[in-house]
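Participant: Build the 3D model from these lines:
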Amino acid sequence: MFWDTLWQALQVVTTPEILIWIFTGTVCGIIIGAIPGIGPALGCALALPFTVYIDPLKALLFMVTLYDGAMYGGSISSILINTPGDGPAAASTIEGYPMAQQGKAISALSISASSSTLGGILGSIIGMFFSVFMLSFLMLFGTPEYFLLGILGIVLIAMVSKGSYYKAIISGFFGLAITTIGIAPGASADVRYTFGALTLYDGISFLPVLLGLFGVATMAQLKGEDKSQISDRATLGGKRLDGVRTTFRNWATILKSSVIGFLIGSMPGTGGTVATFVAYGEAVRSSADKTSFGKGNPKGLVATESANNAAIKGALMPTILFGIPGSATTAILLAAMLIHGLRPGMSMFQGQGYVITLALFLGLIVSEIMIIIIGLSMVRILGKVTTIDKNLIIPLVIVLSVLGIFSLKFSWFDLCVMGGAGILGFALQRFGFPVIPAVIGIILGKIIEENLLRTMELGGGSLFYLLSKPASLILILCTITALVAPVLNTLFKGKRTNDTN
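Facilitator: Now for the predicted structure:
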């Protein structure tokens with residue numbers, strides 16, 4: 001079954017029309033990732049409204065290849081101006097920027113392109129063969145488990161979010177609360193929190209909320225940043241061939257970092273940032289010359305970049321399997337799946353859904369090949385992208401956000417929702433409430449509520465049905481542990497401080 005489905009997916013991916021979508025997504029992603037202040041999450045959020053009326057496979061391939069390209073593109077600004085486009089790219093500044101300061105910027109960018117390609121291809125291969133075992137595993141999960149997985153996903157994201165854990169939990173459940181507006185699902189059809197407004201009967205669409213929280217709020221934050229914090233752009237010196245040779249000489253680091261990236265990326269709530277720093281730490285640990293790290297050691301850059309793109313493939317697994325996004329970008333990819341009628345779980349590993357799943361991984365392999373071709377042939381042009389003035393970026397993002405949302409329903413109400421979400425997102429960030437848990441709460445809200453209602457129906461109106469299956473009990477214990485662990489950690493830290501005093 002696997003080989004037949006893989007062959008079908010390969011035939012689909014290699015059609016000229018699909019290749020054009022992959023190429024477009026990759027190029028857009030590289031440019032978006034290279035611009036300081038944008039990043040893959042905002043890029044995917046901006047693209048999402050424009051993909052609503054496209055065929056599901058084309059839309060998802062465009063989104064995942066944009067994500068893939070942006071993850072590589074983030075290394076360009078990290079290496080040249082010491083300004084990572086997102087969290088995962090931050091690890092590349094440790095060795096990439098010192099190399100650029102030494103006059104080896106082109107060599108560093110070539111290492112980034114080739115390492116990203118090899119790591120991404122290995123991650124895709126691991127993901128495809130990993131998917132063979134998923135169907136039998138998913139047989140253990142039913143309605144109660146999907147409800148509990150949704151709650152666990154929000155808690156895990158809150159644990160790894162920046163700032164206060166309690167504020168992150170509040171942010172996540174605030175996102176859930178927004179999804180309760182409108183007519184309730186199920187037989188009751190209760191009208192909730194509409195205050196008599198007919199426009200709220202269908203609830204609040206998560207698309208304008210997403211673009212408000214990511215597009216408007218991020219641009220408002222970018223406007224307030226001090227431009228002087230960005231380092232001077234490095235001189236483009238070095239050779240492409242030297243960078244490629246260096247990458248292949250460190251093949252063991254690529255293999256090890258790719259596996260680390262995929263495995264850590266597949267853990268909900270961790271994502272690429274943790275994967276890249278763990279891979280970098282392992283490269284330092286296993287090196288005989290530890291003192292050279294932090295001063296422009298190419299091996300460190302090889303480790304971070306190969307782990308970076310492999311982590312994308314790992315992050316797709318819990319998103320496709322359980323609907324638990326591990327990051328803001330995979331949350332938007334989950335939103336794209338739901339918009340196109342694709343539900344995470346067994347349907348993505350059977351029949352046509354399995355073709356789409358394998359096509360995504362094959363499309364990412366094609367995207368990686370395009371990355372190394374574009375990255376090596378256009379290295380000097382891509383370097384100029386980092387110099388784009390943020391005063392040009394901000395109005396462009398706002399205009400694209402408005403056009404994207406208004407073109408969906410021609411609804412002024414949706415524009416108002418987007419504006420309100422933008423103000424709310426900016427306020428949340430100002431007061432230390434992370435936005436990502438709220439976003440994931442908004443996206444998972446309907447799935448959580450629908451599965452909760454079905455669970456109660458199965459249990460005759462009682463939630464004790466959740467305790468009837470081993471998988472449910474394990475998920476409940478995991479959720480309780482995740483909720484209590486940060487509290488206990490804080491208490492123990494306080495106790496240790498008092499003991500030392």
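
Participant: Pull the number of nearby residues for residue 396.
Facilitator: Neighbours of residue 396 under the rule other Cβ atoms under 10 Å: 14. Bear in mind the C-beta positions are built from the backbone N, C-alpha and C, glycine included.

Participant: Are we agreed that it is in a helix?
Facilitator: Yes: with the criterion set as DSSP: H, G, I helix; E, B strand; the rest coil, the secondary structure at residue 396 is a helix.

Participant: From residue 35, how far off is it?
Facilitator: 10 Å (Cβ to Cβ, to the nearest Å).

Participant: ok, now residue 274?
Facilitator: 24 Å.

Participant: Comparing the two, which residue is more hemmed in?
Facilitator: Summary of the neighbour comparison: residue 274 and residue 35, criterion other Cβ under 10 Å, with residue 35 having more neighbours (25 against 22).

Participant: Can you tell me the SS state at the closest residue to that one other than its chain neighbours?
Facilitator: Once flanking residues are discounted, residue 35 sits nearest to residue 388: 5.6 Å by Cβ to Cβ, 6 or more residues apart in numbering. Following three-state DSSP, residue 388 is assigned to coil.

Participant: wait, residue 388 sits on residue 31?
Facilitator: No: counting by Cβ atoms under 8 Å, residue 388 sits too far from residue 31 to count as a contact (9.3 Å).

Participant: Geometric centre of this structure: which residue is closest?
Facilitator: residue 329 (2.8 Å; Cα atoms, centre = their mean).

Participant: who are the neighbours in contact with it?
Facilitator: Counting by Cβ atoms under 8 Å, 6 or more residues apart in numbering, residue 329 makes contact with 40, 41, 44, 67, 315.

Participant: repeat that with 10 Å
Facilitator: Residues in contact with residue 329 (Cβ atoms under 10 Å, 6 or more residues apart in numbering) are 39-45, 63-64, 66-67, 70-71, 86, 88, 214, 271-272, 312, 315, 319, 436.

Participant: in the stretch 151-300 of the chain, which ranges drop under the pLDDT threshold?
Facilitator: 160-163, 186-188, 224-237, 268-272 (pLDDT under 70).

Participant: Helices of that one, start to end?
Facilitator: 165-178, 206-211, 217-224, 240-249, 251-265, 271-285, 298-322 (DSSP state H, counting those that start in this stretch).

Participant: quick one: buried residues of the fifth one?
Facilitator: Translated: helix 251-265. Neighbour counts over helix 251-265 (16 or more other Cβ atoms under 10 Å) mark 253, 254, 256, 257, 258, 259, 260, 261, 262, 263, 264, 265 as buried.

Participant: try stretch 486-493
Facilitator: residue 486.

Participant: What mean pLDDT does that stretch get?
Facilitator: Averaged across stretch 486-493, pLDDT comes to 71.

Participant: Other residues contacting it?
Facilitator: With Cβ under 10 Å, 6+ apart, stretch 486-493 has contacts from 155, 158, 159, 164, 165, 166, 168, 169, 481.

Participant: Narrow these to those that are buried.
Facilitator: 155, 158, 159, 165, 168, 169.

Participant: Distance of the third one relative to residue 152?
Facilitator: In this case it means residue 159. For residue 159, the distance to residue 152 equals 10 Å [Cβ to Cβ].

Participant: one step back: which pLDDT value goes with the residue nearest to the centre of the chain?
Facilitator: 84.

Participant: and if you look at the one 3 residues further on?
Facilitator: What the model reports for residue 332 is a pLDDT of 88.

Participant: And it, which helix or strand is it part of?
Facilitator: helix 328-339 (DSSP states H and E).

Participant: and the angle for whichever helix or strand comes after that helix with helix 240-249?
Facilitator: With elements assigned by DSSP H and E, the helix or strand that comes after helix 328-339 is helix 351-377. Here helix 351-377 runs at an angle of 130 degrees relative to helix 240-249 (axes from the mean of the first three to the mean of the last three Cα atoms, to 10 degrees).

Participant: mind listing what's buried in helix 351-377?
Facilitator: The neighbour-count check on helix 351-377 (16+ other Cβ under 10 Å) flags 353-368, 370-372, 374-376 as buried.

Participant: residue contacts, residue 246?
Facilitator: Residue 246 neighbours (Cβ under 10 Å, 6+ apart): 104, 107, 108, 110, 111, 114, 115, 298, 299, 301, 302.

Participant: Okay, it and residue 108: tell me how far apart.
Facilitator: From residue 246 to residue 108 the distance is 9 Å (Cβ to Cβ).

Participant: what is in contact with these two at once?
Facilitator: By Cβ under 10 Å, 6+ apart, residue 246 and residue 108 have these common neighbours: 298, 301.

Participant: what sits against the spatially closest residue to residue 260 that is not a sequence neighbour?
Facilitator: Leaving aside its sequence neighbours, residue 260 sits nearest to residue 279 (Cβ to Cβ, 6+ apart; 4.7 Å). The neighbourhood of residue 279, defined by Cβ under 10 Å, 6+ apart, consists of 91, 119, 253-254, 256-261, 264, 300, 302-308, 310-311.

Participant: Give the other helices and strands that the helix or strand where residue 393 lies contacts.
Facilitator: Assigned by DSSP H and E, residue 393 belongs to helix 390-409. Applying 3 or more Cβ pairs under 10 Å, 6 or more residues apart in numbering; DSSP states H and E, we find helix 390-409 packed against helix 39-47, helix 206-211, helix 217-224, helix 412-430.

Participant: Distance from the helix or strand following the first one to the middle of the chain?
Facilitator: Tracing the chain C-terminally past helix 39-47 and defining elements by DSSP H and E, one meets helix 56-81 next. How far helix 56-81 lies from its chain's middle: 10 Å, per Cα atoms, centre = their mean, to the nearest Å.

Participant: average pLDDT for the helix or strand just after helix 56-81?
Facilitator: Scanning forward in sequence from helix 56-81 by DSSP H and E, the next helix or strand is helix 92-101. For helix 92-101, mean pLDDT rounds to 83.

Participant: can I get the CA coordinates of stretch 125-145 in PDB?
Facilitator: Only the C-alpha atoms of stretch 125-145 are listed here, as PDB (Å, rounded to 0.1, in the frame of the first residue of the first chain):
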ATOM      1  CA  ILE A 125      12.500  10.600   4.000                       C
ATOM      2  CA  ILE A 126      12.300   9.800   7.700                       C
ATOM      3  CA  GLY A 127       8.800  11.300   7.800                       C
ATOM      4  CA  MET A 128       7.500   9.300   4.800                       C
ATOM      5  CA  PHE A 129       8.700   6.000   6.300                       C
ATOM      6  CA  PHE A 130       7.600   6.900   9.800                       C
ATOM      7  CA  SER A 131       4.100   7.400   8.400                       C
ATOM      8  CA  VAL A 132       3.900   3.600   7.500                       C
ATOM      9  CA  PHE A 133       3.400   2.800  11.200                       C
ATOM     10  CA  MET A 134       1.000   5.600  12.000                       C
ATOM     11  CA  LEU A 135      -2.300   4.000  11.000                       C
ATOM     12  CA  SER A 136      -2.100   1.100  13.500                       C
ATOM     13  CA  PHE A 137      -1.100   3.700  16.100                       C
ATOM     14  CA  LEU A 138      -4.000   5.900  15.400                       C
ATOM     15  CA  MET A 139      -6.400   3.000  15.900                       C
ATOM     16  CA  LEU A 140      -5.800   3.600  19.700                       C
ATOM     17  CA  PHE A 141      -7.300   7.100  19.500                       C
ATOM     18  CA  GLY A 142     -11.000   7.900  19.500                       C
ATOM     19  CA  THR A 143     -13.200  10.900  20.300                       C
ATOM     20  CA  PRO A 144     -12.200  11.200  24.000                       C
ATOM     21  CA  GLU A 145      -8.500  11.100  23.100                       C
END
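
Participant: tell me, which helix in this protein spans the most residues?
Facilitator: Secondary structure assigned by DSSP state H gives helix 470-500 as the longest helix of the chain.
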